[in-house]
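**Student:** below is the structure, and that's it, no one-letter string:
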């Protein structure tokens, strides 16, 4: 897979740390990796954004941020309010396709969920994935409510005939409640795709060297790791 599009069922659920983990595992196997953020919102000029965080955690990764808007809003709204140009799907595709000629793997991390608007014409990350013909990795929360949003995202992907690589829990709690434990078994059915990992809560606070050393234990073989869904589920019951 030359390109993986990382999306989620919402915002602040661990997309960036999952992207960093996938990048770290790929780098550990000797692959060259680039990470692209089409639209960074809610970050002032000079402040570190999501791409910077992936590079910090994963190490030697090429990072590209295409557009940045100061307010923490959907990219289309943030661009309009800032009087700035919106980022267009074709612009994103052009950047990604160039990076694929220079890297073994390109990770494209979206903003918010799958259907967040990128521009005033209503383009979304789903449109970008379709143009790239790239599979999507969906990051989901662990607890109550995740089955509904995971199901809706899966249905949206299938309606657009987009490939869902699988789902990863973006922040697995140290002490999971009943809902989180039960959701592990039900997430694959809700998504219509396999469960491919669970990143522990607080992983981003680890020292980068420890993050890189442990990343493979959080991700399934499909993503280059050695995490096993059945063994993990049995251990937390």
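**Tutor:** Good, I have the coordinates. Keep in mind it's a predicted model, so treat the numbers as computed, not measured. Residues are numbered from 1 along each chain as shown.
**Student:** what ranges do the strands span in the protein?
**Tutor:** Along the chain, the segments classed as strands by DSSP state E run 3-8, 33-41, 62-69, 105-109, 136-140, 164-172, 195-200.
**Student:** got TSV for the ones you listed, with mean pLDDT, mean neighbour count and distance to residue 157 too?
**Tutor:** In this view, the C-beta of every residue, glycine as well, is placed from N, C-alpha and C. Output for the strands of the chain, formatted as TSV (pLDDT from 0 to 100; neighbours: other CB atoms under 10 Å; distance: least, CB to CB, whole Å):
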stretch	mean pLDDT	mean neighbour count	distance to residue 157
strand 3-8	98	25	9
strand 33-41	97	25	18
strand 62-69	97	19	23
strand 105-109	98	26	15
strand 136-140	98	27	6
strand 164-172	98	24	5
strand 195-200	98	25	15
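**Student:** out of the ones you listed, the one nearest residue 17 is which?
**Tutor:** strand 195-200 (5.6 Å; CB to CB).
**Student:** the inter-axis angle of the closest one versus strand 136-140?
**Tutor:** Inter-element angle recorded for strand 195-200 and strand 136-140: 40 degrees (by axes from the mean of the first three to the mean of the last three CA atoms, to 10 degrees).
**Student:** by contact count, what packs against strand 195-200?
**Tutor:** With contacts defined as 3 or more CB pairs under 8 Å, 6 or more residues apart in numbering; DSSP states H and E, strand 195-200 has these neighbours: helix 15-28, strand 164-172, helix 178-191, helix 229-236.
**Student:** okay, the strands of the chain in JSON lines with distance to residue 14 next?
**Tutor:** Converted to JSON lines, the strands of the chain look like this (distance: least, CB to CB, whole Å):
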{"stretch": "strand 3-8", "distance to residue 14": "8"}
{"stretch": "strand 33-41", "distance to residue 14": "15"}
{"stretch": "strand 62-69", "distance to residue 14": "18"}
{"stretch": "strand 105-109", "distance to residue 14": "11"}
{"stretch": "strand 136-140", "distance to residue 14": "5"}
{"stretch": "strand 164-172", "distance to residue 14": "2"}
{"stretch": "strand 195-200", "distance to residue 14": "6"}
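**Student:** what stretches of this structure score poorly on pLDDT?
**Tutor:** 1 (pLDDT under 70).
**Student:** let's go with 90 and repeat that
**Tutor:** Of all residues in the chain, those with pLDDT under 90 make up the ranges 1, 44-46, 236-237.
**Student:** mind checking how far the residue with the largest distance to the centre of it is from residue 92?
**Tutor:** Most distant residue from the mean C-alpha position of the chain: residue 83, 27.6 Å away (CA atoms, centre = their mean). Per CB to CB, to the nearest Å, residue 83 is found 21 Å from residue 92.
**Student:** and what of residue 84?
**Tutor:** The value you get for residue 84 to residue 92, if CB to CB is used, is 16 Å.
**Student:** those two: which has the busier surroundings?
**Tutor:** residue 92 (26 against 13; other CB atoms under 10 Å).
**Student:** pull the contacting residues for the more buried one.
**Tutor:** Shown in contact with residue 92 (CB atoms under 8 Å, 6 or more residues apart in numbering): 36, 38, 66, 108, 128.
**Student:** out of those, give me the two with the largest separation.
**Tutor:** That would be 66 and 128, which, of these, are the farthest apart (CB to CB) at 10.9 Å.
**Student:** so what sits against both of these two?
**Tutor:** 38, 92.
**Student:** the residue nearest to residue 185 when sequence neighbours are not counted and residue 147, how far apart?
**Tutor:** Of all residues not flanking residue 185 in the chain, residue 233 sits nearest, at 6.2 Å (CB to CB, 6 or more residues apart in numbering). Residue 233 sits 15 Å away from residue 147, going by CB to CB.
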